[in-house]
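Trainee: Just a sequence and a predicted model for now, questions to come.
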Amino acid sequence: MITGSIARRYAKALVAIGEEKDAMLGLVREVQRVAEVWDGSDILRQASTSPLLPQWERRKVLSSVVERLGVSAVCKNFVNLLFDRGKLGELPAISREVGNLSDLKENRLRVEVAAPVALSEDVLMRLRAGLARRTGKTVVVTERRDPELLGGVVATVGGVMYDGSLRTSLRQLKESMLGRAR
């Protein structure tokens, strides 16, 4: 089975439980936190998946990490289910899908904006307001610095990149001039 469909199936089930318990946002954050720790720790991944350790030891390692994160019983049970089914490696993909489903249900649009320098709050506010008017969604902007951009911005909205950088404008101008010179 394709990894994305597995992640989507588990994410849908988890979101349904979160809605049923009226704790979707908290559950989304918990799963994302566990996934970040999982994804960021080679030692944790090895200790909880290594066939060299007995299953009870692997579960103990994973349980202690989840316990330290202080997540809810629902999140603990979910992580244990993934462990039992040998699907812990899907945790980062499930986390992304849970976030996507949560955004969809909450009518949110996530936008990443890359710029060579920090954008002013006024610019960010106008960007949010403009996108909110066009889409009818609550817009969440994540700003990223990219010193390799000469000027302008590159925005990623719903997986689509809009390149308004000076570098791209100069490249397009060059191509246009060279095309006409031929």
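Mentor: It's in.
Trainee: buried set for stretch 140-154?
Mentor: Neighbour counts over stretch 140-154 (16 or more other Cβ atoms under 10 Å) mark 141, 149, 153, 154 as buried. (C-beta placed from N, C-alpha, C; glycine too.)
Trainee: Next, the distance between the ends of it.
Mentor: 16 Å (Cα to Cα, to the nearest Å).
Trainee: contacting residues around it?
Mentor: Residues from elsewhere that reach stretch 140-154 (Cβ atoms under 8 Å, 6 or more residues apart in numbering): 108-119, 124, 127-128, 161-170.
Trainee: if you set the cut-off to 10 Å instead, what comes out?
Mentor: 103, 106, 108-119, 123-125, 127-128, 131, 155-157, 161-170 (Cβ atoms under 10 Å, 6 or more residues apart in numbering).
Trainee: how about the buried residues of stretch 140-154, which pair is most distant?
Mentor: Greatest spacing in the buried residues of stretch 140-154, by Cβ to Cβ: 141 and 149 (16.7 Å).
Trainee: hang on, the earlier thing: please pick the buried ones from the contacts of stretch 140-154.
Mentor: Buried members of the contacts of stretch 140-154, scored by 16+ other Cβ under 10 Å, are 103, 109-111, 113-116, 119, 124, 127-128, 131, 155-157, 163, 165.
Trainee: now, which of those lie within helices?
Mentor: 103, 124, 127, 128, 131 (DSSP state H).
Trainee: if I pick the first one, what's in contact with it?
Mentor: By Cβ under 10 Å, 6+ apart, the residues touching residue 103 are 28, 109, 110, 137, 138, 140, 158.
Trainee: and what of the third one?
Mentor: Shown in contact with residue 127 (Cβ under 10 Å, 6+ apart): 111, 113, 119, 139, 141, 143, 153, 155.
Trainee: pLDDT score for it?
Mentor: Residue 127 carries a pLDDT value of 86.
Trainee: With the first one instead?
Mentor: Here, the pLDDT recorded for residue 103 equals 89.
Trainee: same thing with the second one?
Mentor: In the prediction, the pLDDT value recorded for residue 124 is 90.
Trainee: roughly how far apart are it and residue 157?
Mentor: Distance, residue 124 to residue 157, using Cβ to Cβ, to the nearest Å: 14 Å.
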